[in-house]
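Asks: Give the three-dimensional model of this entry:
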Amino acid sequence: MRIIVKKILCYIIMKCSAKMMSYTGYLHIIALAVAIYGTMHQIDAVKNKSPYSPYLSLALTTMLLLRIPNQICVATKEYHGWYSVIGTIVGATSFGYLAYVEYKAAKEK
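Replies: Okay, here's the model as predicted:
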């Protein structure tokens, strides 16, 4: 198992070239646009008395997931970057669960 993990990490390290970093950087811009879009929908939902709207949670989940490739590239160069990757995965999972709970609450209402 340990050998497989090492091979996967070596593959990722070799694939994180300057060009790849540039592409994953563009994902950050898309992630920001998704977050703004979700925020606008959430504001609209609150104004329309629909506080259980899952838009913001889904947008934040998507935003965090889009950031992971860039964080992995950084983490292959700086070991402490893996803390950021793990934190992002935990955050995305939490926001994903919140979106599910909000969706269920909106259906019950």
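Asks: Can you find the helix or strand in the chain with the smallest mean pLDDT?
Replies: One helix or strand of the chain scores below all others by mean pLDDT, DSSP states H and E: helix 2-15, with a mean of 60.
Asks: Stretch 19-33: which residues count as buried?
Replies: Buried positions in stretch 19-33, judged by neighbour count with 16 or more other Cβ atoms under 10 Å: Thr24, Leu27, Ala31. Every C-beta, even on glycine, is put in place using the N, C-alpha and C of the backbone.
Asks: Among these, which ones are in strands?
Replies: In strands, judged by DSSP state E, none of the buried residues of stretch 19-33 are found.
Asks: With pLDDT and distance to Tyr103 added, can I get those residues in TSV?
Replies: Formatted as TSV, the buried residues of stretch 19-33 follow (pLDDT from 0 to 100; distance: Cβ to Cβ, whole Å):
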residue	pLDDT	distance to Tyr103
Thr24	81	30
Leu27	85	25
Ala31	90	22
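Asks: Now Gln42: closest residue in space, sequence neighbours ignored.
Replies: The shortest distance from Gln42 to any non-neighbouring residue, by Cβ to Cβ, 6 or more residues apart in numbering, is to Leu56 (3.7 Å).
Asks: element containing that neighbour, please.
Replies: Element membership of Leu56 [criterion: DSSP states H and E] is helix 55-77.
Asks: Same list, the buried residues of stretch 19-33, but as CSV with distance to Leu98 please.
Replies: Listed next are those as CSV, based on distance: Cβ to Cβ, whole Å:
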residue, distance to Leu98
Thr24, 26
Leu27, 22
Ala31, 18
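Asks: tell me the contacts of the residue nearest the centre of the chain?
Replies: In the chain, the centroid-proximal residue (Cα atoms, centre = their mean) is Leu64; its distance is 1.6 Å. Residues in contact with Leu64, defined by Cβ atoms under 8 Å, 6 or more residues apart in numbering, are Ala31, Thr88, Ile89, Gly91, Ala92, Phe95.
Asks: If anything else comes up later, I'll come back, but that's it for now.
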